[in-house]
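**Student:** Provide a 3D model corresponding to the input given below.
(2 chains)
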Amino acid sequence: AQTVTQSQPEMSVQEAETVTLSCTYDTSESDYYLFWYKQPPSRQMILVIRQEAYKQQNATENRFSVNFQKAAKSFSLKISDSQLGDAAMYFCAYYSGGSNYKLTFGKGTLLTVNP
Amino acid sequence: NAGVTQTPKFRVLKTGQSMTLLCAQDMNHEYMYWYRQDPGMGLRLIHYSVGEGTTAKGEVPDGYNVSRLKKQNFLLGLESAAPSQTSVYFCASTPPGASSHNEQFFGPGTRLTVL
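**Tutor:** Numbers count the residues shown, from 1 in each chain, chains lettered A, B, ... in the order given. Predicted coordinates:
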């Protein structure tokens, strides 16, 4: 079974600084997708960034980028120029194609942004 | 488009009572999911559906039943609520096919407390 591990229950960063959130996963499959979701205090789950395993290029969305290391099964999220609005719980999630259909989530990392 | 909506947003039940959570989506998505979120546990899949009239068990299905009589609705039922079912429940949906990139769209969540 696939597992997703986020080893940092909590992280903090100064406003305008850069922070990296870690995620590792375990799978025997070669084709899959990885996601980072943000959950602010409003509880709404918001997709931050997505990475297809077959793509070697790391995904980037404005201030958010990933470091995808397929061989190491590592998928970290880098937030540059952190803003107060980035404070939230961040979840790493794994999806495999085929008949599985489900997302497997890590336990989350609570990010605090200090002014 | 309203996206994914959930009814109700909050509910308090007594042990042994029953209730149904309603999830509705207006995006014509084929796949729908019910997750529960507990502190320190991330999101865990309860049941899912890959189309109208079909349902399947997820990671933590015990104590829950689901129905997908209409494509746009996915109902989650608790026949006899237990305190262990106190949680925040999320519904999600996704269209099939490569164009979706397997992104799941989440509802705002339902906070359920069982006393």
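**Student:** hmm, the longest strand seen in chain B touching chain A?
**Tutor:** In chain B, assigned by DSSP state E, the strand with the most residues is strand B:42-51. Yes - counting by C-beta under 8 Å from any C-beta of the partner chain, contacts between strand B:42-51 and chain A involve B:42-45, B:48, B:50. C-beta coordinates here come from the backbone N, C-alpha and C atoms, glycine included.
**Student:** so who does residue 87 touch?
**Tutor:** Using chain A. Taking C-beta atoms under 8 Å, 6 or more residues apart in numbering or on different chains as the contact definition, residue A:87 lies against A:40, A:111-113.
**Student:** hmm, no, I was thinking of chain B.
**Tutor:** The neighbours of residue B:87, taking C-beta under 8 Å, 6+ apart as the test, are B:36-38, B:112.
**Student:** shaky segments in the chain?
**Tutor:** No chain in the question, so chain A it is. Within chain A, the set of residues satisfying pLDDT under 70 comprises A:1, A:97-101.
**Student:** that's the other chain; I wanted chain B
**Tutor:** In the predicted model of chain B, residues B:97-102 satisfy pLDDT under 70.
**Student:** of the contacts of residue B:87, grab the buried ones for PyMOL.
**Tutor:** Buried members of the contacts of residue B:87, identified by 16 or more other C-beta atoms under 10 Å in any protein chain shown, are gathered into one PyMOL selection as follows:
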select buried, chain B and resi 36+37+112
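**Student:** of the contacts of residue B:87, which belong to strands?
**Tutor:** Among the contacts of residue B:87, DSSP E puts B:36-38, B:112 in strands.
**Student:** could you pull out the strands for chain A?
**Tutor:** Under the criterion DSSP E, chain A carries strands at the ranges A:3-5, A:10-14, A:19-21, A:24-26, A:32-39, A:46-52, A:60-61, A:64-69, A:74-79, A:88-96, A:103-105, A:109-114.
**Student:** just the strands in chain B please.
**Tutor:** In chain B, strands defined by DSSP E lie at B:4-7, B:10-13, B:19-25, B:31-38, B:42-51, B:54-57, B:65-67, B:73-78, B:87-94, B:105-106, B:110-114, listed in chain order.
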